[in-house]
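**Q** okay, predicted coordinates and the sequence, questions at the end:
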Amino acid sequence: MVNQFFSYIFQGTSVTVAVTLVALPLGLILGLLLALLYNYGGFWVSRLAAAYSLIMRGVPPIALLFILYFLLSGRLINLTPFWAGSISLGIISSAYQMEILRGALQAVGEGQMTAARAIGMSRLQAIRYIIIPQAIRLAIPPWSNEASIVLKDSSLVYAIGVPEILRRAQQLSATTQQPFLAFGAAALIYFVLVFLVNRGLDLLAEKTKLPTSMA
Amino acid sequence: MIDTPYILQAKNLTKIYGENVIFKDISLDVHKGETIVIIGPSGTGKSTLLRCLNLLTPVNSGQIFLEGEEITAHGVDHDQVRQKIGMVFQNFLLFNHLTALGNVMIGLTKVKKMPPEKAKQKALHELERVGLADRAHHYPAQLSGGQQQRVAIARALAMDPLVMLFDEPTSALDPELIGEVLGVMEQLAHEHMTMLVVTHEMGFAREVADRIIFMEKGSIVEQGSPEDLFERPQHARTREFLGKISELYGKKEKK
């Protein structure tokens, strides 16, 4: 009985992982682009990026998800719930990832840019070879936090009918009248996934860490 | 290339930030192989002048010529110009995510598009020049301030610049580390590298400079050979400044 329970919910795990694997990288690419525009785009572009972030972060993810979902699976664009939901989550996450990366880019410091320009690098080369490699290292710990948020927020696509973990738990709860068991199993799977993601990123941070003192 | 005795020439440079005149109507001729030391009180525009000379900061008016060609003209590729002008900063500004070798190599591979193997050879050679071949695989955080600054010099030298600009290269260093950096600079001067050095190190100015420029309040007050400036300063301000500086350093030495 418990076995069947788990295996039914567990089938949703691949969907949850897939949603996260679309949303997180999409959010990273958009977030990095926005952070670069914010930091180096000049007055108006920077203002636009800031406004985007402010709006996206000021609205509950579920409300944004519904708005974006109806945009992405309407008459003009018609994506499946899976793609519409995953892309929407990625767009929502981009604002948070932008904030993380913008802080990291600023933390690298103006001096690194000056030194790069002084040996003849263009602004773009300096950003690519000098600023970003350092910013990414600084961003890993806060980014790890955002990764687990996206993973957990992937449960929101349940609201548009994507059969991920939570959706399946809800169905099971309704048919078996065992809500505690159903949602408990879902919670456990989420916990294990988040734990694995955080540990994985901790290891990455450890591996890419620069030596700090005289060795 | 236009035939000219000057590597670097500045004509009537003026820099204004908002209401503040940083420097005004500065003209400067730098001969090939010449070591010029610029001295003067803080906030006189010396550092800004260096930053303007390699186009890191735009001037408000005036012209700069590198080997006779105007680099302040419209349409000049600033990145190209900066490759030919080396710069060393007060706070080193090494790339923190790269080893000493990586710091020296990256300009060669990414800017000059040199093949990695060749770039590595050249970078190692430049590190050897500043006496740090054995520190090639250390990261900046693993190096002392003096070593970091020598790597920064090697990084600039690797680009084979026509002229090197030093912006207070020893001001951020512990006293016992100053000597190793000045030593490298002295060696460069002997190799006839063209250098423009902003510093408060009067010993270096006296020993190594071909010409000393005294700047104050955004203008060149006086310039001449070290003997002329130290022994027979023409202006009261030059005398006063040099007096204060040597008094300060005299005290330091007594400690």
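**A** Yep, it's here.
**Q** quick check: the residue of the stretch 51-200 of chain B nearest chain A.
**A** Across the stretch 51-200 of chain B, no residue is closer to chain A than B:Q83, which sits at 3.3 Å (CB to the nearest CB). (Each C-beta comes from the backbone N, C-alpha and C, glycine too.)
**Q** what ranges do the strands span in chain B?
**A** Assigned by DSSP state E, the strands in chain B fall at B:6-17, B:20-31, B:35-39, B:61-66, B:69-70, B:85-88, B:163-167, B:195-198, B:211-216, B:219-224.
**Q** and the ones you listed as JSON lines, adding mean neighbour count?
**A** Converted to JSON lines, these look like this (neighbours: other CB atoms under 10 Å in any protein chain shown):
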{"stretch": "strand B:6-17", "mean neighbour count": "18"}
{"stretch": "strand B:20-31", "mean neighbour count": "18"}
{"stretch": "strand B:35-39", "mean neighbour count": "25"}
{"stretch": "strand B:61-66", "mean neighbour count": "19"}
{"stretch": "strand B:69-70", "mean neighbour count": "14"}
{"stretch": "strand B:85-88", "mean neighbour count": "28"}
{"stretch": "strand B:163-167", "mean neighbour count": "24"}
{"stretch": "strand B:195-198", "mean neighbour count": "25"}
{"stretch": "strand B:211-216", "mean neighbour count": "22"}
{"stretch": "strand B:219-224", "mean neighbour count": "17"}
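**Q** how about JSON lines for those, with mean pLDDT and distance to chain A added?
**A** Shown next, in JSON lines, are the strands of chain B (pLDDT from 0 to 100; distance: least, CB to the nearest CB, whole Å):
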{"stretch": "strand B:6-17", "mean pLDDT": "94", "distance to chain A": "15"}
{"stretch": "strand B:20-31", "mean pLDDT": "94", "distance to chain A": "17"}
{"stretch": "strand B:35-39", "mean pLDDT": "96", "distance to chain A": "18"}
{"stretch": "strand B:61-66", "mean pLDDT": "95", "distance to chain A": "13"}
{"stretch": "strand B:69-70", "mean pLDDT": "94", "distance to chain A": "16"}
{"stretch": "strand B:85-88", "mean pLDDT": "97", "distance to chain A": "4"}
{"stretch": "strand B:163-167", "mean pLDDT": "97", "distance to chain A": "9"}
{"stretch": "strand B:195-198", "mean pLDDT": "97", "distance to chain A": "14"}
{"stretch": "strand B:211-216", "mean pLDDT": "94", "distance to chain A": "21"}
{"stretch": "strand B:219-224", "mean pLDDT": "93", "distance to chain A": "24"}
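**Q** mind putting these in CSV, distance to A:T80 included?
**A** Listed next are the strands of chain B as CSV, based on distance: least, CB to CB, whole Å:
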stretch, distance to A:T80
strand B:6-17, 57
strand B:20-31, 61
strand B:35-39, 68
strand B:61-66, 60
strand B:69-70, 61
strand B:85-88, 55
strand B:163-167, 59
strand B:195-198, 64
strand B:211-216, 70
strand B:219-224, 72
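**Q** what's the neighbour count on the residue of the stretch 51-200 of chain B closest to chain A?
**A** By the measure other CB atoms under 10 Å in any protein chain shown, the count of residues near B:Q83 is 21.
**Q** how about it: what's its closest non-neighbour residue?
**A** Residue nearest to B:Q83 in three dimensions, not counting chain neighbours: A:G120, with 3.3 Å by CB to CB, 6 or more residues apart in numbering or on different chains.
**Q** what pLDDT does the one you found get?
**A** With respect to pLDDT, A:G120 has a value of 96.
**Q** host element of the spatially most central residue of chain A?
**A** What sits nearest the mean C-alpha location of chain A, by CA atoms, centre = their mean, is A:L24, with 3.6 Å. Using DSSP states H and E, A:L24 falls within helix A:2-40.
**Q** how about A:R102?
**A** Following DSSP H and E, the helix or strand that holds A:R102 is helix A:81-108.
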